[in-house]
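[1] Only the shape, not the letters, is given here:
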């Protein structure tokens with residue numbers, strides 16, 4: 001079972017967290033279901049980028065992004081390579 005490590009964030013998760021996730025479950029769903037209230041302005045309709053996260057490790061284990069995700073991320077703030 002995959003584990004998502006949340007680094008400490010002053011507003012969202014001050015102490016950080018380690019959360020078990022089901023394979024195929026969205027990171028947004030996992031965070032919200034574990035009381036880490038990340039922004040998701042479009043209610044997870046994939047119409048904005050407010051729920052984007054930065055993946056520090058394990059990026060290669062994720063499914064590739066699709067064209068719609070890539071187009072939306074072109075407009076997102078705070079992205080890193």
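    The structure has been received and is ready for your questions. Predicted, not measured: the structure shown is a model, and the values here were computed from it.
[2] which ones are touching residue 52?
    Applying Cβ atoms under 8 Å, 6 or more residues apart in numbering to residue 52 gives the contacts 73, 76, 78, 79. Backbone N, C-alpha and C define where each C-beta goes, glycine included.
[3] so how far is residue 22 from the residue nearest to residue 56 when sequence neighbours are not counted?
    Spatial nearest neighbour of residue 56, chain neighbours left out: residue 7 (7.3 Å); criterion: Cβ to Cβ, 6 or more residues apart in numbering. From residue 7 across to residue 22, the span is 21 Å (Cβ to Cβ, to the nearest Å).
[4] so residue 76 makes contact with residue 53?
    No - the pair residue 76 / residue 53 is not scored as a contact, 10.7 Å apart, by Cβ atoms under 8 Å.
[5] Counting neighbours, what do you get for the residue nearest to residue 56?
    For residue 7, the count of nearby residues is 10 (other Cβ atoms under 10 Å).
[6] ditto for residue 6
    Neighbours of residue 6 (other Cβ under 10 Å): 19.
[7] The closest residue to residue 68 other than its chain neighbours: what's it in contact with?
    Distances taken as Cβ to Cβ, 6+ apart put residue 46 closest to residue 68, at 6.5 Å, once the chain neighbours are dropped. By Cβ under 8 Å, 6+ apart, the contact set of residue 46 is 68, 69, 72.
[8] Isn't residue 18 up against residue 5?
    Yes - Residue 18 is in contact with residue 5 according to Cβ under 8 Å; the separation is 5.4 Å.
[9] neighbour-wise, which of the two wins?
    The residue with more neighbours, out of residue 18 and residue 5, is residue 5; 11 against 8, by other Cβ under 10 Å.
[10] returning to what we had before: select only the buried ones of the contacts of residue 46 in PyMOL?
    Listed next is the PyMOL selection for buried residues among these, using 16 or more other Cβ atoms under 10 Å:
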select buried, resi 72
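[11] between the contacts of residue 46, which is nearest residue 27?
    Nearest to residue 27 among the contacts of residue 46 is residue 69, at 12.5 Å by Cβ to Cβ.
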